[in-house]
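K.L.:
Following is a predicted model, sequence given first.
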Amino acid sequence: MLLPNGIRERLHKTLLKKKPELLADVALSRRFEEVSFKLKPSKKEALADIAAFDRSQYVWTQEVYKYVDLGVYLDYEPVRWSGGGGDRIVIARVCFRNLEGALAFAGGSKLCALWRRSEQKLNMLTERKSEAFIRRLSKESELLEAAGDLEFNQVIKLEDYLLHHKADCYIRELPIEGVDTKFLEKHARLICDLLSIELERSITKSDLYEEWRIKKLPDFVRVRHADVFFNGLPSDLIVQLPISALTVKPRALVVVENVQTGLAVKDVPEDVPILMGLGFSVRLLSEVPWIREVPIFYFGDLDMHGMAILAAFRKTAPQVRSVLMDSAALEAFKEYVVTDPNLPNGSGPVIALNGEEAKLYDRLVAENIRLEQERIPIEVFETALKVCFKSLDA
């Protein structure tokens with residue numbers, strides 16, 4: 001027979017698993033469905049150590065007595081165990097008639113306090129929000145269990161405001177105290193879900209920014225040969241431009257992950273811009289109208305992240321050609337190869353790599369190694385680029 005601590009652990013797991021449903025039921029005045037756990041052992045189990053069985057019966061009686069006023073009770077059944085004392089009345093199950101008793105038994109005052117805090121916040125909304133709204137909000141344990149109502153109230157105020165107004169401003173300009181960019185990013189999914197419920201249509205994060213006209217800071221990129229986009233800039237000046245400013249289609253594009261490499265490389269034609277240091281933000285180049293229409297040469301680190309960035313870039317611009325990102329380059333500079341402490345951004349094989357790139361990726365993963373592009377002499381990169389540029393004139 002399980003002793004009280006064993007049932008306490010099971011009950012605690014059950015309550016946590018069903019917490020959103022139970023919280024919503026309480027807020028919506030739904031009846032609590034009684035929970036019970038079987039305690040009655042088989043005759044064989046009981047008679048294997050009848051003294052221990054009798055002690056467990058006594059322990060349960062004493063334990064449940066503490067919670068009897070909270071709707072916790074024991075259900076008994078008569079048994080006839082020949083050879084084991086004949087007719088007996090044994091505990092068949094422990095039952096929890098209401099949520100208050102279940103919480104007290106499972107987690108004591110701490111669990112009860114967190115639960116009541118959540119209930120109080122949901123109760124504030126029951127008169128003006130729908131059941132679907134309450135049930136969605138009941139899943140936000142961190143928000144509901146937080147001490148104080150400030151963050152919870154900010155979420156509700158923000159959703160209420162957006163329900164009736166278009167923002168048409170930066171987040172910091174919204175007339176809700178304490179709501180800033182980080183706050184909206186943290187709660188964007190919840191806000192979208194709640195708006196979807198109230199407006200009876202699907203609202204995504206993208207919809208939230210576009211339809212409500214929430215202004216965002218532009219995404220920037222470091223650029224050499226920026227005079228391609230703005231006449232009059234010195235050709236070799238390093239400037240930071242918003243991606244939205246890359247409107248003029250160049251003859252070709254060089255994208256280099258390492259900024260120092262991008263600064264050092266020479267002999268790149270002045271009508272070929274060099275973009276530097278984007279990392280996984282290469283995805284943002286999808287906003288550039290000509291990004292699929294020009295030759296692109298990419299040079300990144302020879303490691304799992306570098307290959308994943310290349311694969312991500314190919315989703316934006318399938319024509320991207322990698323430079324020195326193959327096993328030959330790794331082998332040529334193997335004295336600079338080190339153990340890679342990082343894991344790839346995601347799991348599973350990186351897709352969108354060609355044959356040589358895929359071979360390199362498999363080796364990097366199998367041997368857990370990396371070669372940073374800064375370790376490859378700049379002259380080697382420049383020579384490889386010259387070969388790429390020759391192909392433009394072929």
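P.N.:
Cool, got the structure. Quick caveat: nothing in here was measured; it's all calculated off a predicted structure. Numbers count the residues shown, from 1 in each chain.

K.L.:
CA atoms for contacts and neighbours, from now on please.
P.N.:
Will do.

K.L.:
helices and strands of this protein: which one has the lowest mean pLDDT?
P.N.:
Counting by mean pLDDT, DSSP states H and E, the chain has its least confident helix or strand at helix 43-48, which shows a mean of 86.

K.L.:
what's the distance between stretch 185-193 and the middle of its chain?
P.N.:
12 Å (CA atoms, centre = their mean, to the nearest Å).

K.L.:
Just the buried residues of that stretch, please?
P.N.:
188, 190, 191, 192, 193 (16 or more other CA atoms under 10 Å).

K.L.:
Most widely separated two among the residues you listed?
P.N.:
188 and 193 (8.6 Å; CA to CA).

K.L.:
Helices along the stretch 51-200 of the chain, start to end?
P.N.:
99-123, 131-137, 141-145, 150-164, 181-199 (DSSP state H, counting those that start in this stretch).

K.L.:
Make CSV from those and add mean pLDDT to it.
P.N.:
Formatted as CSV, the helices of the stretch 51-200 of the chain follow (pLDDT from 0 to 100):
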stretch, mean pLDDT
helix 99-123, 92
helix 131-137, 96
helix 141-145, 94
helix 150-164, 95
helix 181-199, 95
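
K.L.:
got TSV for those helices, with distance to residue 57 too?
P.N.:
Shown next, in TSV, are the helices of the stretch 51-200 of the chain (distance: least, CA to CA, whole Å):
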stretch	distance to residue 57
helix 99-123	17
helix 131-137	40
helix 141-145	37
helix 150-164	46
helix 181-199	48
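
K.L.:
Would you mind listing the buried residues in stretch 17-29?
P.N.:
Residues of stretch 17-29 classed as buried by neighbour count (16+ other CA under 10 Å): 19, 20, 21, 22, 23, 24, 25, 27, 28.

K.L.:
got it, and stretch 273-285?
P.N.:
273, 274, 275, 276, 277, 278, 279, 280, 282, 283, 284, 285.

K.L.:
quick one, phi/psi of the fourth one?
P.N.:
It stands for residue 276. For residue 276, the backbone dihedrals (degrees, to the nearest 10) come out as phi -130, psi 150.

K.L.:
for it, what are its contacts?
P.N.:
Counting by CA atoms under 8 Å, 6 or more residues apart in numbering, residue 276 touches 221, 222, 223, 255, 256, 257, 258, 259, 262.

K.L.:
Report the buried residues of whichever helix or strand the last one is part of.
P.N.:
The one in question is residue 262. Using DSSP states H and E, residue 262 falls within helix 259-264. Going by neighbour count (16+ other CA under 10 Å), the buried part of helix 259-264 is 259, 261, 262, 263.

K.L.:
surely the first one meets residue 277?
P.N.:
Right, residue 259. Yes - if you go by CA atoms under 8 Å, residue 259 and residue 277 touch, sitting 5.3 Å apart.

K.L.:
where does residue 3 land on pLDDT?
P.N.:
For residue 3, the pLDDT comes out at 91.

K.L.:
neighbours of it, just the number please.
P.N.:
13 (other CA atoms under 10 Å).

K.L.:
you'd agree it is up against residue 56?
P.N.:
Yes - Residue 3 lies in contact with residue 56 (CA under 8 Å); the separation is 6.6 Å.

K.L.:
If anything else comes up later, I'll come back, but that's it for now.
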